[in-house]
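In: below: sequence and its predicted model.
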Amino acid sequence: MPDWLEKAVFYEIYPQSFYDSNGDGIGDLPGILQKLEYLQYLGINALWLNPCFDSPFQDAGYDVRDYYQIAARYGTNDDACQLFEEAHRRGMHILLDLVPGHTSIEHPWFQASARHERNEYTDWYTWTDSGWTWEVPGLRLVNGYGDRDATFVTNFFFFQPALNYGFANPDPRYPWQQPVDAPGPQRVRQEMRNIMKFWLDLGCDGFRVDMAASLIKKDRGWRETIRLWQEIRSWLDQNYPEAAIVSEWSSPAAALGAGFHMDFLLHFGSAGYSSLFRKPYSTNAGADRYGFSFFDRSGHGNILEFLDEYLPQVQETRSKGLICLITGNHDISPRLSIGRDADDLELCYLFLLSMPGAPFIYYGDEIGMQFIAGLGSKEGGISRTGSRTPMQWEPGPQAGFSSASPERFYLPVDPSANRPDVASQVSDPHSLLQRVRQLIALRQAHPALSATGSFEPVYAQAGRLPFIYMRQSADENILVALNPADLPCQVTLPGSLSSGLPETLYGQPEAFQRAGAKWRFTLPGISGGVYQLHA
């Protein structure tokens, strides 16, 4: 694992909504460059940029038209190089969003592949052998495109044709299903490596990989998909050992076993993750639509819904890579702030920034930006659009996002009179931004709180609070305690936990009191703390 991941705190930037430097109403790479000072102030040392490549933007850039060119609305390849250089000068690393499973229908490769005549790109996409093939179990087909007498497999929306990495188990009834070692799949695999090399040579530090499990079709248990990524990891280790890759997989055992350095726990693959922050709003991963998140003032949440899923994953992936927790992302609605004030959110951050793995903060979550309901779909956003609105830098009708008139903005800013903004929170020592900043600094100051420090629950009971866990490194033992409920809680802990009164590093002081040979630990409602223990 690259050494820099040990203390990495990531910040996800949706480029079109972050900061507009040229007044066209759309965020851009020079805009990100201008805000590096703010990110450094916050304590961020790693960035993930959503897709920046040339695209018709039917799916916000996840429909790539040219992998080798920055989209004109964001700037140029030279702007990307300057951003990489300035980030590195500040001790930051940048991951680009790689979309290896599909392209736009406007990509020249696909345009050539759709022709009747065989050519260099005929087998670069997954096509059937007849334009009258309407259904194939397990695949989504698009009919009637181009001159080719065939239908193509799509990976997501209809305009995102699947690149051909082959089939793990080709069905003999469908001779068009090519094996993974066929020439077409092998050329696609090599081209994706070429793309990675191109951007790594220009200065990027790795990739977040979109739909990482989707490449090889009919691959039960991801056997061939895992083998593909293991080959890429081996190539990276040999040629770019400091480059990092994080997967959109939400199956850490598979993803880290495949060679990814990191995998996210996400709403679509982890009921445990959804149970932390968004259980009442989740309709994915079998999560209960009703009930209470753990971080809910009612105190009715159940931390075991998370731990019963998380702890086996930690055990299974030990020393293989990092399991990453996120505040949210461009695909998740609503935002973390739904139904929570700054005190509630502080506890969410106390948890996220004291857990193992590399934490990811979605832009604007550090100030409590709200999900904006009722927006029409923008560039394929559909129900997610309200999580993609412009960053709120300052008060005023333009929110400091752009000098353009608001009607030209990529999306409208939050119309609320009391919406949060960076400028106001920078000047307020009690703001959410300042609390997040302090927690990031605390994490980076203590080895036990870093990515690979050990994790062990100390007190975790269904329907009871607080939730207490230990983080350990060779040099220190740190206790983290959380009470998201609006009622006080108390628990008795073993006297052997600490030889002396634990030192409060953050949060509620005077939480520990001696009770005979044991410790009595008390937290007021909606509070938590981080404590240095003594051997």
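Out: Perfect, thanks for sending it.

In: helices or strands up against the worst-scoring helix or strand of the chain on mean pLDDT?
Out: The helix or strand of the chain with the lowest confidence, counting by mean pLDDT, DSSP states H and E, is helix 271-277 at a mean of 94. Under the contact definition 3 or more CB pairs under 8 Å, 6 or more residues apart in numbering; DSSP states H and E, helix 271-277 sits against helix 304-316. Where you see a C-beta, it was placed from the backbone N, CA and C, and this is true even at glycine.

In: for the record, mean pLDDT for the helix it packs on?
Out: Summarised as a single mean, pLDDT over helix 304-316 is 97.

In: what are the buried residues along that helix?
Out: L304, E305, F306, L307, E309, Y310, L311, Q313, V314 (16 or more other CB atoms under 10 Å).

In: try stretch 433-449
Out: Residues 433-440, 442-444, 446-449 are the ones in stretch 433-449 that count as buried (16+ other CB under 10 Å).

In: over to stretch 40-51?
Out: Quick answer for stretch 40-51 (16+ other CB under 10 Å): L42, G43, I44, N45, A46, L47, W48, L49, N50, P51.

In: now do the end-to-end distance for it.
Out: End-to-end distance for stretch 40-51: 22 Å, by CA to CA, to the nearest Å.

In: for stretch 362-379, same thing?
Out: End-to-end distance for stretch 362-379, by CA to CA: 19 Å.

In: equivalent analysis for stretch 347-360, please.
Out: Distance between the two ends of stretch 347-360: 16 Å, counting by CA to CA.

In: buried residues in the strand or helix carrying W519, which are they?
Out: Using DSSP states H and E, the element containing W519 is strand 518-523. For strand 518-523, the buried set under the neighbour-count rule, 16+ other CB under 10 Å, comprises W519, F521, T522, L523.

In: wait, which of those is closest to I195?
Out: Relative to I195, the closest of the buried residues of strand 518-523 is L523; by CB to CB it sits at 50.0 Å.

In: wait, the closest one touches V480, no?
Out: No: counting by CB atoms under 8 Å, L523 sits too far from V480 to count as a contact (11.6 Å).

In: now for these two: what residues contact both?
Out: G529 (CB atoms under 8 Å, 6 or more residues apart in numbering).

In: which secondary structure element is home to the spatially closest residue to F18 that is not a sequence neighbour?
Out: For F18, ignoring the flanking residues on the chain, the nearest one in space by CB to CB, 6 or more residues apart in numbering is G27 at 4.3 Å. G27 belongs to no helix or strand when assigned by DSSP H and E.

In: how close does G27 sit to R520?
Out: 51 Å (CB to CB, to the nearest Å).

In: how about I526?
Out: Distance from I526 to R520, by CB to CB: 20 Å.

In: could I have the longest helix anywhere in the chain exported to CSV, CA atoms only?
Out: Looking across the chain with DSSP state H, the single longest helix is helix 183-202. In CSV, the C-alpha atoms belonging to helix 183-202 read as follows (Å, rounded to 0.1, in the frame of the first residue of the first chain):
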residue,chain,number,x,y,z
PRO,A,183,-8.3,-10.6,-29.1
GLY,A,184,-11.0,-8.0,-28.6
PRO,A,185,-11.1,-8.3,-24.8
GLN,A,186,-7.3,-8.4,-24.6
ARG,A,187,-7.0,-5.2,-26.6
VAL,A,188,-9.5,-3.4,-24.5
ARG,A,189,-7.7,-4.5,-21.4
GLN,A,190,-4.4,-3.1,-22.8
GLU,A,191,-6.0,0.1,-23.8
MET,A,192,-7.3,0.8,-20.3
ARG,A,193,-3.8,0.2,-19.0
ASN,A,194,-2.6,2.7,-21.6
ILE,A,195,-5.1,5.3,-20.3
MET,A,196,-4.0,4.8,-16.7
LYS,A,197,-0.3,5.2,-17.8
PHE,A,198,-1.1,8.4,-19.7
TRP,A,199,-2.6,10.2,-16.7
LEU,A,200,-0.1,8.7,-14.1
ASP,A,201,2.7,10.0,-16.3
LEU,A,202,1.1,13.5,-16.3
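
In: just how off-centre is it within its chain?
Out: 23 Å (CA atoms, centre = their mean, to the nearest Å).

In: just checking, what packs against that helix?
Out: With contacts taken as 3+ CB pairs under 8 Å, 6+ apart, helix 183-202 sits against strand 66-70, helix 77-89, strand 93-98, strand 206-209, helix 223-239.

In: show me what the shortest one is packed up against.
Out: In terms of contacts (3+ CB pairs under 8 Å, 6+ apart), strand 206-209 is packed against strand 93-98, helix 183-202, strand 244-247.

In: adjacent strands (with direction) for that strand?
Out: strand 93-98 (parallel), strand 244-247 (parallel) (DSSP bridges).

In: and the first one, by the same measure?
Out: Each strand that strand 66-70 pairs with, and the sense of that pairing, follows from DSSP bridges: strand 53-54 (antiparallel).

In: show residues contacting the strand it pairs with.
Out: If you take CB under 8 Å, 6+ apart as the criterion, strand 53-54 is touched by G61, V64, R65, D66, Y67, Y68, Q69, I70, A71, A72, V99.

In: please list only the buried members of those.
Out: Among the contacts of strand 53-54, those classed as buried by 16+ other CB under 10 Å are G61, V64, R65, D66, Y67, I70, A71, V99.

In: what's the most distant pair in those residues?
Out: Across those, no pair lies farther apart than I70 and V99, at 14.4 Å, counting by CB to CB.

In: the helices in this protein, which residues?
Out: Here the chain has its helices, by DSSP H, at 29-34, 36-42, 77-89, 108-113, 183-202, 223-239, 252-257, 271-277, 304-316, 342-352, 422-426, 432-445.

In: out of these, which one sits most buried?
Out: Of all the helices of the chain, helix 271-277 has the most neighbours on average by mean count of other CB atoms under 10 Å, namely a mean of 25.

In: and that helix, C-alpha only, in PDB?
Out: This file holds the C-alpha atoms of helix 271-277, laid out as PDB (Å, rounded to 0.1, in the frame of the first residue of the first chain):
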ATOM      1  CA  ALA A 271     -27.100  -2.300   4.700                       C
ATOM      2  CA  GLY A 272     -24.700  -1.700   7.600                       C
ATOM      3  CA  TYR A 273     -23.400   1.600   6.100                       C
ATOM      4  CA  SER A 274     -27.000   2.700   5.400                       C
ATOM      5  CA  SER A 275     -27.900   1.900   9.000                       C
ATOM      6  CA  LEU A 276     -25.400   4.500  10.300                       C
ATOM      7  CA  PHE A 277     -26.800   7.700   8.700                       C
END
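
In: mind listing what R193 touches?
Out: Taking CB under 8 Å, 6+ apart as the definition, contacts of R193 comprise I232, W235.

In: and of the buried residues of helix 304-316, the nearest to E346?
Out: The closest of those to E346 turns out to be F306 (CB to CB; 18.8 Å).

In: how far away is the residue lying closest to that closest one once chain neighbours are set aside from Y310?
Out: Closest residue to F306 apart from its sequence neighbours, by CB to CB, 6+ apart: G272 at 4.3 Å. In this structure, G272 and Y310 are 6 Å apart, going by CB to CB.

In: cool, E366 as well?
Out: Distance, E366 to Y310, by CB to CB: 24 Å.

In: ok, Q190 next?
Out: 37 Å.

In: what do you get for I367?
Out: When I367 is compared with Y310 (using CB to CB), they lie 28 Å apart.

In: next: Y459.
Out: From Y459 across to Y310, the span is 16 Å (CB to CB).

In: ok, now Y273?
Out: Distance of Y273 to Y310, given as CB to CB: 8 Å.

In: shared neighbours of these two, anything?
Out: Here Y273 and Y310 have L265 as joint contacts, going by CB under 8 Å, 6+ apart.

In: next up, the contacts around P494.
Out: Contacts of P494 by CB under 8 Å, 6+ apart are K518, W519.

In: give the closest residue to L439 in space, chain neighbours not counted.
Out: L353 (4.4 Å).

In: try P415
Out: Distance criterion CB to CB, 6+ apart; nearest residue to P415, sequence neighbours excluded, is I372 at 8.0 Å.
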